[in-house]
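**Q** Sequence plus the predicted model coming up.
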Amino acid sequence: MTWQLFDIEIVGNQAQVLLDDQFVSDNPGEALPNIAWFGVWCQKDTIGQFWHPEETDMLNQIEQELLDLAAQFGNGWAVYVRRVFTAGKREYFFYYGEGATLSEALPVLQASHPEYRLEYDVKQDPDWSYYFNWLKEAPNA
C-alpha cells in the first residue's frame, strides 16, 4: 500500500487528504464497483483547525473502529482508499463488491458513539472515476 498525505482546497475549504495510490495501474473496478462514504462530524468548535485537540483521541478511536468494521463487513470485498479531513468533519471512502455489507457498519458505529453525528452513503462507480479524479489532486500520482 502506498499512501500519499497532502493538503488541498475542496469547495473553498482547506483539506488534508490521505490517498492510497496503489490502484493507479491495476484497479479492481469490476470486482469492486461501489463506493461507500462515511462521514464523522466533530462535536467541538475546531478553533481554526481540522478538529479541536481535545477530540483527537475520540476521533482516532472512531476511525479505528470504522476501519475494523469495514474489514469485518467487507468480507474481503472492500478496500479503504481515501480519508479527508476538513474543519469539523472526517470522511472515509471504501470501494467494495457484492460480498461486502458495509452499510451494516454504520449502526454498530452509531451504537458505540451515539453522541457523534455519523453518516453513510453509497454510489456505484464501476470505472473508479472518483478515484482517478482524486489521483489528479495528488502531488505524486
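**A** Happy to help now that I have it.
**Q** all helices in this structure, in order from the N-terminus.
**A** Under the criterion DSSP state H, helices of the chain are mapped to 56-74, 105-112, 129-137.
**Q** how about those helices in a markdown table, adding mean pLDDT, distance to residue 94 and mean neighbour count?
**A** C-betas here are computed from N, CA, C, even on glycine. Listed next are these as a markdown table, based on pLDDT from 0 to 100; distance: least, Cβ to Cβ, whole Å; neighbours: other Cβ atoms under 10 Å:
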| stretch | mean pLDDT | distance to residue 94 | mean neighbour count |
| --- | --- | --- | --- |
| helix 56-74 | 97 | 6 | 16 |
| helix 105-112 | 98 | 9 | 16 |
| helix 129-137 | 93 | 11 | 15 |
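**Q** looking at those helices, which is closest to residue 27?
**A** Of all the helices of the chain, it is helix 129-137 that lies closest to residue 27, at 6.7 Å by Cβ to Cβ.
**Q** can you tell me which residues contact the residue at the greatest distance from the centre of the chain?
**A** Relative to the centre of the chain, the most outlying C-alpha is that of residue 47, 23.1 Å out, by Cα atoms, centre = their mean. Listed by Cβ atoms under 8 Å, 6 or more residues apart in numbering, residue 47 has no contact partners.
**Q** quick one: low-confidence parts of this structure?
**A** 1, 141 (pLDDT under 70).
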